[in-house]
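Q: Curious how this folds, go ahead:
(3 chains)
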Amino acid sequence: MKTSNLVSKYNILFFIILIVLIAFPFVADSRTLTILLTQIFIFSILAMSYDILLGYTGIVSFGHAMFFGIGAYATAIMLNTFEATIPVFIGSILLGILLSALVSFFVGLLTLRLKSHFFAMLTLAISGLLLVVAEKWRTVTKGNDGFTFRAPDIFKDRIVFYFCVLACLVIVFLLLRRFVQSPLGRVLIAVRENEQRTRSLGFKTLHYKVISSVVAGVVASLAGSLYAVSLRFVNTSVMTIDITLDALLMTIIGGVGTLIGPIVGSVVIEFAQHYLSGLARDFPIFERWIIFFGIIYILAVVFFPKGIVGSIQQALTKWKMKRANNRTFALQKDKERSS
Amino acid sequence: MDLLISLVINGLATGMLIFLLAAGLTLIFGLMDVLNFAHGGLFVWGAYTGVLTYTYTESFIIGILVAILTGVVLGFIMEKLIITPVYGNHVQQILITLGFMLVLQEMIKVAFGPNAIPVKVPELLAGSWELGELIIIKYRIFIIVVGFLVFGIFHFILTRTKIGLIVRAGVMNKEMVQALGINIKKVFLFVFMTGAALAAIGGMLMAPYSGSIYAEMGMEFAILGFIVVVIGGMGSFSGSLLAAILVGLAGSFMAYYVPFLSLAVNMILMAVVLIFRPQGLFRTAKE
Amino acid sequence: MESLLKLHNIQTHIGQFHILQGIQFEAKQGEVSVLLGRNGAGKTTTLKTIMGLTPASSGSIYFQNQQIEKKPTYEIANIGIGYVPEDQGIFAGLTVEENIKVAMRKETQEALERQDYVLTLFPDLKKFWKKAGGNLSGGQKQMLAMARAFVNDSKLLLIDEPSKGLAPIMVEKVMEAILEMKKRTSIVLVEQNFFMASKIGDTFTLIDDGRTVHRGAMNELISDDDLKHKYLGIG
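A: Alright, predicted model coming up:
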């Protein structure tokens, strides 16, 4: 199969979109849209990290928010305690990554040996626990109220921040794509498909699952750090299950196991959130827009488990196969006629 | 001493409410291998429909009956529409039941408004008894009695009736039950609907206990329910009672002595059990 | 002898594995029909396919002129096919009494009479009536499993490797029990133990790599050293 053709077609598409995104701030002059797109980028990073777990390794985690929260708080606290400069900012990102790596490593080591149900419940409990810690540790986190802080001056310009986040998104995407296409990534996919069999082939599946968990945690932490800076504010909402659910929804609706899917999902959901909230002001029914998403999500899980991107990929493959079949059929007919 | 008794009664009452939620959850998991993340939705819907009926008709009993009806109907819909389509696929199950939980929670807000609704204890059960210095709140005793009653009835059904026997056998080996000529899918539906009804009753009984109902209470209580199911052993009915009492008491004592740990202690307990003894503390041999 | 069960070109897939690649099989009334073959040949899968536990991907199964390959397991059981799986399928947490009770669909006079009959066949079960199934010995579990399958007036019993893991004296008892049950029902037996199979079997069907390779009367097979060597690795 001409995979190289497929890939290069995708690459062209990526470039076009990238160019559009880069040009956008210079062409359009919409503050709301810039902020919205920045949020989309940030959540895309979060959703991609979730896809590593769910889409590529087949792990359902309900505690993903804790890594996002760790990153957010690390950045917020560091920028608040020390000077709001770029080095401090980068230092905070690294701190967040380190903490998340440690937590995801140890939590993963202890819990990933359990069945999927147990793991889901445990992650729910642990992240709930961390949320309580964040709420009660007021001296550090100021609890529910949270606190504002100064971001590095250079980010005062929304457009600079926009590019910074976009750059992060592109880099993370490329790195993750490399990751899932590597031999390691293939083992993860094997684990997702049939863990027992992968184990019987000699792979220590626990190790691979922990690696996947750490990678996901680290990326989520980065997203959290960026998020904190984008708001210049942090409170316990960064650790709630809503964040995990956002990531989950985006990944499922966009398409699990595709890496692009979560990005698409992020676009869909963030835009929808934005416009539906806007509509809600005029038409109160839209206040409960989350129900629509819940229902779409349920339908997606049952009927379109591949999400938007996956379904498109599937349709494309089918169409290509049909075309190839038709061609061979036509060729055959010609042969028959001529003989 | 009085304090001790008070805390114990408190703990037992809370424990019983959690038991009502957890009992259904554990049987559903033991029999169907389905972890119903939407079980909390049944709890909160039972509470709302029951409370509103009770407020409207001034009859607590009718409220409870309506709650049971809600549980049964919702349970039926859920089993057919949500659970059966993803049967066998754990990941999809987890995802879809969680999604449905959210939908159920949001639907409460759509149907009944986003604000908490205050609930009064029914006259007959209101007030307290005074034994010297000790004050015993009547409603809490009521909950404890109901809890033990429900346990007794279901224990009887499980151990002395044919359907109970089939359910127990199904928990141990579903395939064999089918091979013996029993349509396990019907049994699934029955157990699911029963579990749903129990959760709904729990929600309804919880309402006067806590004084108000709100949409998020389903999810909050469900987490406690999961903790109980894990500690008690997945699929163990008596285990869920013992674990519920344990969790209820732990929460009650912690809330008094070390308040900021009260929420955490149960989660820590669950984490410890999951990591070191995943089959539960009170589990009898499943196979 | 009347034909009771017929399998035509049965193919079964488990996941992506093509386990059964063309099984032809027939069981006649009043006989013990034995399924023989090496480990992994597909004998257990054949029984599971008949029972509907691993449904056939193609082919047809006739039981007393009814087509059953698309029916759900419980319906197949209710038409009159009983199943004794390889691991006996005993409900470990239930007592012997309860195990049999689950199996008994209706507590009719007939059923109770069959229960009595089965208890005379397996007196040990009566002794351990209130004991938990999980606490029985291997041989007793096998007895219980067979008693359970029998108590329902099944017209055909599918028994999977009953002698596995049993001491020789228990194997003798199992053989006796099967010969006794043969008086009232027909049996499809999967056995690795050729000695036992040859003693109580009437016909044999050899399976190799998921396909039927040979069929015939048991005494034919006993004297055919080539076949035994080629497909069973013995003699």
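Q: quick one: buried residues of stretch C:84-100?
A: Neighbour counts using 16 or more other Cβ atoms under 10 Å in any protein chain shown place C:84-86, C:88-100 of stretch C:84-100 among the buried residues. Placement of C-beta: from N, CA and C, glycine included.
Q: wait, which of these is closest to chain B?
A: Sorting the buried residues of stretch C:84-100 by distance to chain B puts C:Gly89 at the head of the list, at 3.7 Å, by Cβ to the nearest Cβ.
Q: now the closest residue to chain C within chain A: how far from chain B?
A: Chain A approaches chain C most closely through A:Asn194 (8.2 Å), counting by Cβ to the nearest Cβ. When Cβ to the nearest Cβ, to the nearest Å is applied, the distance between A:Asn194 and chain B equals 13 Å.
Q: Look at that residue and say how many residues are nearby.
A: 14 (other Cβ atoms under 10 Å in any protein chain shown).
Q: hmm, back to that, among the buried residues of stretch C:84-100, which ones are in helices?
A: If you go by DSSP state H, those have C:Val96, C:Glu97, C:Glu98, C:Asn99, C:Ile100 in helices.
Q: what's the pLDDT at A:Ser4?
A: If you check A:Ser4, the pLDDT there is 49.
Q: C:His229 - how many residues pack around it?
A: Once other Cβ under 10 Å is used to define contacts, C:His229 is seen to have 11 neighbours.
Q: and what of C:Tyr117?
A: 16.
Q: Can you pull the phi/psi pair for it?
A: When read as degrees, to the nearest 10, the backbone of C:Tyr117 gives phi -60, psi -50.
Q: what does the model give it for pLDDT?
A: According to the per-residue confidence, C:Tyr117 scores 86 in pLDDT.
Q: cool, A:Met1 as well?
A: As predicted, A:Met1 sits at a pLDDT of 44.
Q: Ok, B:Gly99 next?
A: Predicted confidence (pLDDT) for B:Gly99: 85.
Q: same deal with A:Asp282?
A: Per-residue confidence at A:Asp282 stands at 69 (pLDDT).
Q: for the one 5 residues further on, same thing?
A: You'll see A:Glu287 listed with a pLDDT of 62.
Q: swap in A:Gly58?
A: pLDDT, the model's per-residue confidence, is 85 for A:Gly58.
Q: give the contact list for it.
A: The contact partners of A:Gly58, by Cβ atoms under 8 Å, 6 or more residues apart in numbering or on different chains, come to A:Ser116, A:Val191, A:Arg192, A:Glu193, A:Glu195, B:Val91.
Q: if you set the cut-off to 6 Å instead, what comes out?
A: Taking Cβ atoms under 6 Å, 6 or more residues apart in numbering or on different chains, we find A:Gly58 in contact with A:Arg192.
Q: same deal with A:Asn235?
A: Counting by Cβ under 6 Å, 6+ apart, the residues that A:Asn235 touches are A:Gly146.
Q: Can you pull the residues of the stretch 151-300 of chain A lying near chain B?
A: Proximity of the stretch 151-300 of chain A to chain B (Cβ under 6 Å from any Cβ of the partner chain) is limited to residues A:Arg288, A:Ile290, A:Ile291, A:Gly294, A:Tyr297, A:Ile298.
Q: what about the last one, how many residues close to it?
A: Per other Cβ under 10 Å, the neighbour tally for A:Ile298 reads 23.
Q: B:Phe226 versus that one, what's the distance?
A: When distance is defined by Cβ to Cβ, to the nearest Å, A:Ile298 is 20 Å away from B:Phe226.
Q: show me where the chain has strands.
A: You didn't pick a chain, so chain A it is. Along chain A, the segments classed as strands by DSSP state E run A:147-148, A:233-234.
Q: The chain in question should be chain C.
A: Using DSSP E, the strands found in chain C span residues C:3-14, C:17-28, C:32-37, C:58-63, C:66-67, C:81-84, C:156-160, C:186-190, C:203-208, C:211-217.
Q: Tell me the strands beside the fourth one, with direction?
A: Based on DSSP bridges, the pairing partners of strand C:58-63 within the sheet are strand C:3-14 (antiparallel), strand C:66-67 (antiparallel).
Q: most packed of those?
A: strand C:3-14 (a mean of 18; mean count of other Cβ atoms under 10 Å in any protein chain shown).
Q: Can you pull out the residues in contact with it?
A: Judged by Cβ under 6 Å, 6+ apart, the contacts made with strand C:3-14 from elsewhere in the structure are C:19-20, C:22-23, C:25-29, C:45, C:49, C:54, C:56-63, C:156, C:186.
Q: Give me the contacts around the helix or strand where B:Glu220 lies.
A: Assigned by DSSP states H and E, B:Glu220 falls within helix B:217-232. The set of residues that contact helix B:217-232 without belonging to it, under Cβ under 6 Å, 6+ apart, is A:121, B:18, B:21-22, B:25-26, B:39-41, B:43-44, B:239-240, B:243-244, B:247, B:266, B:270, B:273-274, B:280-282.
Q: tell me the average confidence for that helix?
A: Over the span of helix B:217-232, the pLDDT mean works out to 86.
Q: which helices and strands sit right next to the helix or strand just after it?
A: Remark: after helix B:217-232, the chain's next helix or strand is helix B:237-257, criterion DSSP H and E. Using 3 or more Cβ pairs under 6 Å, 6 or more residues apart in numbering or on different chains; DSSP states H and E, the elements in contact with helix B:237-257 are helix B:2-32, helix B:217-232, helix B:262-276.
Q: Please identify the most buried of those.
A: Per residue and on average, the most neighbours among the helices and strands packed on helix B:237-257 fall to helix B:217-232, with a mean of 26 (mean count of other Cβ under 10 Å).
Q: residue contacts, the residue lying closest to B:Ile18 once chain neighbours are set aside?
A: Nearest residue to B:Ile18 in three dimensions, chain neighbours excluded: B:Ala244, at 4.5 Å (Cβ to Cβ, 6 or more residues apart in numbering or on different chains). For B:Ala244, the contacting residues are B:Gly15, B:Ile18, B:Phe19, B:Ala22, B:Val228, by Cβ under 6 Å, 6+ apart.
Q: rerun that using 7 Å as the cut-off
A: B:Gly15, B:Met16, B:Ile18, B:Phe19, B:Ala22, B:Val228 (Cβ atoms under 7 Å, 6 or more residues apart in numbering or on different chains).
Q: Buried subset of the contacts of strand C:3-14, written for ChimeraX?
A: Below is the selection syntax for ChimeraX that covers the buried ones among the contacts of strand C:3-14, with 16+ other Cβ under 10 Å defining burial:
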select /C:19,20,22,23,25,26,27,28,45,49,54,56,59,61,62,63,156,186
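Q: how about the closest residue to A:Val218 other than its chain neighbours, what does it touch?
A: Beyond its immediate neighbours in the sequence, the residue positioned closest to A:Val218 (Cβ to Cβ, 6+ apart) is A:Ile97, lying 5.0 Å away. Taking Cβ under 7 Å, 6+ apart as the contact definition, A:Ile97 lies against A:Val218, A:Ser221, A:Leu222.
Q: Next step: those residues restricted to helices.
A: Reading helices off these with DSSP H, I get A:Val218, A:Ser221, A:Leu222.
Q: circling back to that earlier point, let me know the closest of the contacts of B:Ala244 to B:Glu216.
A: B:Ile18 (16.3 Å; Cβ to Cβ).
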